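Engineer: I need the structure of the sequence given here:
(chains A and B)
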Amino acid sequence: DAKTTQPNSMESNEEEPVHLPCNHSTISGTDYIHWYRQLPSQGPEYVIHGLTSNVNNRMASLAIAEDRKSSTLILHRATLRDAAVYYCIHEGQGFSFIFGKGTRLLVKP
Amino acid sequence: NAGVTQTPKFRILKIGQSMTLQCAQDMNHNYMYWYRQDPGMGLKLIYYSVGAGITDKGEVPNGYNVSRSTTEDFPLRLELAAPSQTSVYFCASSYSLAGRTDTQYFGPGTRLTVL
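Structural biologist: Next up is the predicted model:
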């Protein structure tokens, strides 16, 4: 199974950077890492994904370890609207796309 | 574009009743998915489809059926509702090539309670 390990919850202050960690120790060379987030009472929304090198987009940055067994989602300046559950998903072979319990991010004003 | 739409938003069923959850997308995506999310848990894949006429089981398919007669629509059928099927159901779609999933776009969900 393509499973990931994330902390249950994290806290951040508004306008400070947030680093959300994820372990994906069973990843293989062609497996992608995806991050989604789910705001209260909404469906998940895409944040970012990557394979080997670090990735940036307007929402966040994704830092992937050299051995690819872990990654970190970076929100550069957390806002109250970033309070959500963040899911790290290791896309394995044969359409294995498993959402774990995710990390609940609390942003304090 | 409306994106991914789901109906109904809420539904209460009695044990043994049946119903169909509707899902439609207007983005011409080839892949479509059905997930369920139990309270405090992540999403679990029920069924998915890689194109019209092609469906496959996900992690938790028992008690559900799907069909995909058009690119746009992917209904989920519950034949004999059970309390264990009380959950929030999310439909999603993506444009994917070569067997890899790509960015999935999710609908707003259907909250189903079976009493």
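
Engineer: Just checking the distance from stretch B:102-115 to the centre of its chain.
Structural biologist: 7 Å (CA atoms, centre = their mean, to the nearest Å).

Engineer: in that stretch, what counts as buried?
Structural biologist: B:102, B:103, B:104, B:105, B:106, B:107, B:108, B:109, B:110, B:111, B:112, B:114 (16 or more other CB atoms under 10 Å in any protein chain shown). Just so you know, the C-beta spots here come from the backbone N, C-alpha and C atoms, and that holds for glycine as well.

Engineer: Just confirm yes or no for that stretch near chain A.
Structural biologist: Yes: using CB under 8 Å from any CB of the partner chain, stretch B:102-115 reaches chain A at B:103, B:104, B:105, B:106, B:107, B:108, B:109.

Engineer: Any chance of those in a markdown table with pLDDT, secondary structure and distance to residue B:4 as columns?
Structural biologist: Putting these into a markdown table (pLDDT from 0 to 100; DSSP: H, G, I helix; E, B strand; the rest coil; distance: CB to CB, whole Å) gives the following:
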| residue | pLDDT | secondary structure | distance to residue B:4 |
| --- | --- | --- | --- |
| B:103 | 87 | coil | 12 |
| B:104 | 91 | coil | 9 |
| B:105 | 94 | strand | 5 |
| B:106 | 95 | strand | 6 |
| B:107 | 96 | coil | 4 |
| B:108 | 95 | coil | 8 |
| B:109 | 97 | coil | 10 |
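
Engineer: Can you add distance to residue A:22 and give those residues back as TSV?
Structural biologist: What follows is these, written out as TSV (distance: CB to CB, whole Å):
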residue	distance to residue A:22
B:103	18
B:104	18
B:105	22
B:106	20
B:107	25
B:108	26
B:109	24
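
Engineer: wait, which of those is closest to chain A?
Structural biologist: Chain A lies nearest to residue B:106 out of the residues of stretch B:102-115 next to chain A, by CB to the nearest CB, at 3.2 Å.

Engineer: where does chain B come near chain A, residue by residue?
Structural biologist: With the criterion set to CB under 8 Å from any CB, chain B comes near chain A through B:4, B:35, B:40-45, B:48, B:56, B:59, B:90, B:92, B:99-101, B:103-109.

Engineer: for chain B, what spans make up the strands?
Structural biologist: For chain B, the strands defined by DSSP state E cover B:4-7, B:10-13, B:19-25, B:31-37, B:43-51, B:54-57, B:64-66, B:76-78, B:87-94, B:105-106, B:110-114.

Engineer: Quick check, residue B:77 in contact with residue B:17.
Structural biologist: No: Residue B:77 lies out of contact with residue B:17 (CB atoms under 8 Å); the separation is 11.9 Å.

Engineer: Please name the residues that touch residue A:51.
Structural biologist: For residue A:51, the contact set (CB atoms under 8 Å, 6 or more residues apart in numbering or on different chains) comprises A:30, A:32, A:33, A:64.

Engineer: Let's see that with 6 Å instead.
Structural biologist: Going by CB atoms under 6 Å, 6 or more residues apart in numbering or on different chains, residue A:51 touches residue A:32.

Engineer: Roughly how far does it sit from residue A:45?
Structural biologist: Distance, residue A:51 to residue A:45, by CB to CB, to the nearest Å: 21 Å.

Engineer: Could you take the buried residues of stretch B:102-115 and lay them out as a markdown table, with extra columns for distance to residue A:77?
Structural biologist: Below are those laid out as a markdown table (distance: CB to CB, whole Å):
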| residue | distance to residue A:77 |
| --- | --- |
| B:102 | 28 |
| B:103 | 23 |
| B:104 | 26 |
| B:105 | 26 |
| B:106 | 25 |
| B:107 | 30 |
| B:108 | 28 |
| B:109 | 29 |
| B:110 | 35 |
| B:111 | 33 |
| B:112 | 38 |
| B:114 | 43 |
